[in-house]
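J.: Just the structure for this:
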Amino acid sequence: MQIGHGLPLVLRALDDVVAAHRAVAAAGHVAWRSPAADRFRTALEEADAEVRAAQVAVERAVQPVAAADADAETVLVGR
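T.: Predicted coordinates:
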């Protein structure tokens, strides 16, 4: 990653996390009932919790990365 170009990558990661959340939610819409389906749903709930944690982490990275990009731009322009 080039210095000063991190924000687009973080925003792309945020898009990926949102897409993963949608995919997990869609996977949970199964009509079948069985012990295996219950285990499947439990696994999806755990996956969704992990995806949500990743989303929070990426969202927290947006502002610092944007600030670092701006600082890098200032340094590069100031040369």
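
J.: And the strand or helix carrying residue 57, what does it pack against?
T.: Using DSSP states H and E, residue 57 falls within helix 35-77. Helices and strands touching helix 35-77, by 3 or more Cβ pairs under 8 Å, 6 or more residues apart in numbering; DSSP states H and E, are helix 7-27. Using the backbone N, CA and C atoms, a C-beta is placed for each residue, glycine as well.

J.: starting at the chain centroid, how far to the helix it packs on?
T.: Per Cα atoms, centre = their mean, to the nearest Å, the displacement of helix 7-27 from the mean C-alpha position of its chain is 5 Å.

J.: and the angle for that helix with helix 35-77?
T.: On the basis of axes from the mean of the first three to the mean of the last three Cα atoms, to 10 degrees, helix 7-27 is oriented at 170 degrees to helix 35-77.

J.: buried stuff in helix 7-27?
T.: The neighbour-count criterion (16 or more other Cβ atoms under 10 Å) identifies 7, 10, 13, 14, 17, 20, 21, 24 as the buried residues of helix 7-27.
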